[in-house]
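Undergrad: I'd like to go over a predicted model; first the sequence, then the structure.
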Amino acid sequence: MYALRALSQSLDRRIMSAVFIKREMLVYILKNATAVHPREMILLLRGKTSKNQTTITDLIVPPLATHGRGFSGFQPHMLPMDFSLIGTVHSHPSGIAEPSLVDLHHSFGRIIMIVAFPYNNEENVAVYNHSGERLTLETT
Ligand SMILES: [Zn+2]
């Protein structure tokens, strides 16, 4: 069981080493985060995964999203079964672009993208896999 888990994690690492996002989409995310600051925002990411890369194709507003100081969430059971959902993006008004323990324990999907205050550009964005390992983000 532990060996299997380790194997699947190392597979994930290989498969998920780079994440691609269109620049306009990233700008939209950063604007959205700025608009709700100092509250957190959360959006779902839809995309495709292939050998060594994940490509984000769409952003989806989650059903019943809650925005608050220090938390943001949604109701996963309200989601349609959609295997193209690959993860979430949420904001950190604190300015720290690292996943919290809560983020890791309640991660939805395979990638966790975090945009941190002041939401200026790629320097305020980080992407992790569900194990908390940082992935490369490429804008296209
Ligand atoms: Zn967080």
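TA: Nice, I can see it. Residues are numbered from 1 along each chain as shown.
Undergrad: Excluding chain neighbours, give the residue nearest to the residue of the chain found nearest the ion in space.
TA: When distances are taken as C-beta to the ion, the chain reaches nearest to the ion at Asp103, 4.0 Å away. C-beta here means a position set from N, CA and C on the backbone, and glycine is covered the same way. Spatial nearest neighbour of Asp103, excluding adjacent residues (C-beta to C-beta, 6 or more residues apart in numbering): Ile112 at 5.9 Å.
Undergrad: which SS class is that neighbour?
TA: Of the three states, Ile112 takes strand according to DSSP: H, G, I helix; E, B strand; the rest coil.
Undergrad: Is it bridged to anything, and to what?
TA: Residues found in beta-bridge contact with Ile112 (criterion: DSSP bridges) are Thr88, Tyr128.
Undergrad: Over to the one 4 residues further on?
TA: In this entry, Ala116 is beta-bridged to His92, by DSSP bridges.
Undergrad: residues in contact with it?
TA: Contacts for Ala116 were tallied using C-beta atoms under 8 Å, 6 or more residues apart in numbering; they are Ser91, His92, Ser94, Gly95, Ile96, Ala97, Asn124, Val125, Ala126.
Undergrad: With secondary structure, pLDDT and neighbour count added, can I get the residues you listed in JSON lines?
TA: Putting the contacts of Ala116 into JSON lines (DSSP: H, G, I helix; E, B strand; the rest coil; pLDDT from 0 to 100; neighbours: other C-beta atoms under 10 Å) gives the following:
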{"residue": "Ser91", "secondary structure": "strand", "pLDDT": "96", "neighbour count": "29"}
{"residue": "His92", "secondary structure": "strand", "pLDDT": "96", "neighbour count": "22"}
{"residue": "Ser94", "secondary structure": "coil", "pLDDT": "96", "neighbour count": "13"}
{"residue": "Gly95", "secondary structure": "coil", "pLDDT": "97", "neighbour count": "10"}
{"residue": "Ile96", "secondary structure": "coil", "pLDDT": "96", "neighbour count": "12"}
{"residue": "Ala97", "secondary structure": "coil", "pLDDT": "96", "neighbour count": "19"}
{"residue": "Asn124", "secondary structure": "helix", "pLDDT": "97", "neighbour count": "18"}
{"residue": "Val125", "secondary structure": "strand", "pLDDT": "97", "neighbour count": "21"}
{"residue": "Ala126", "secondary structure": "strand", "pLDDT": "97", "neighbour count": "19"}
